[in-house]
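Engineer: Sharing a model that was predicted from the sequence below.
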Amino acid sequence: MAREITHEERGPFVLDESDQGDDGLIYVCRCGLSDSKPLCDGSHNATADEKEGVVYKYANDDADGERSEIGEIDDDCEE
Ligand code: FES
C-alpha cells in the first residue's frame, strides 16, 4: 500500500519538547494524512485496510475523505 499526498511546505519544521506526547515521545506522521503535520494525530488508522500493491488517494489528503485507488505499485519497475 501507498498513498499520494500533496505537500505544500517548502522547508523544515523544528520539533521541541512541546511536541512530546504524554509518554515523552514525539510521534512523527509517516502516512501523510495527519492534520497536525509533522506530528501524528491518529489519522493513520484510516490506512489499516489498505491492500498491498495499491496506490490510494484520499480526497483533500484527509483521512475522512473519500478514498480512491489510483494505481498499482510495480515492484519490477527499475529506473
Ligand atoms: S502516521 Fe500519519 S497520522 Fe499517524
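Structural biologist: Now that the structure is in, tell me what you want to look at.
Engineer: Please make it C-alpha for all contacts and neighbour counts, starting now.
Structural biologist: Fine.
Engineer: What are the boundaries of the strands in this structure?
Structural biologist: 2-4, 54-58, 67-72 (DSSP state E).
Engineer: So which bits of this structure are right by the ligand?
Structural biologist: 29-34, 40-44 (C-alpha under 6 Å from any ligand atom).
Engineer: Could you list the low-pLDDT ranges of this protein?
Structural biologist: Where the chain drops to pLDDT under 70, the residues are 77-79.
Engineer: follow-up on the earlier one: just send the strands of the chain back as CSV, with distance to Gly11 and mean neighbour count too.
Structural biologist: Formatted as CSV, the strands of the chain follow (distance: least, C-alpha to C-alpha, whole Å; neighbours: other C-alpha atoms under 10 Å):
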stretch, distance to Gly11, mean neighbour count
strand 2-4, 19, 18
strand 54-58, 24, 18
strand 67-72, 28, 14
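Engineer: isn't Cys29 right up against Asp35?
Structural biologist: No - assessed by C-alpha atoms under 8 Å, Cys29 is found out of contact with Asp35, at 9.6 Å.
Engineer: Between the two, point out the one with more neighbours.
Structural biologist: Cys29 (18 against 15; other C-alpha atoms under 10 Å).
Engineer: For burial, what's the neighbour tally of the residue nearest to that one when sequence neighbours are not counted?
Structural biologist: Closest residue in space to Cys29, ignoring its immediate chain neighbours: Cys40 at 4.2 Å, by C-alpha to C-alpha, 6 or more residues apart in numbering. Burial of Cys40 is recorded as 18 neighbouring residues (other C-alpha under 10 Å).
Engineer: residues touching Cys40, list them.
Structural biologist: 27-30, 34 (C-alpha atoms under 8 Å, 6 or more residues apart in numbering).
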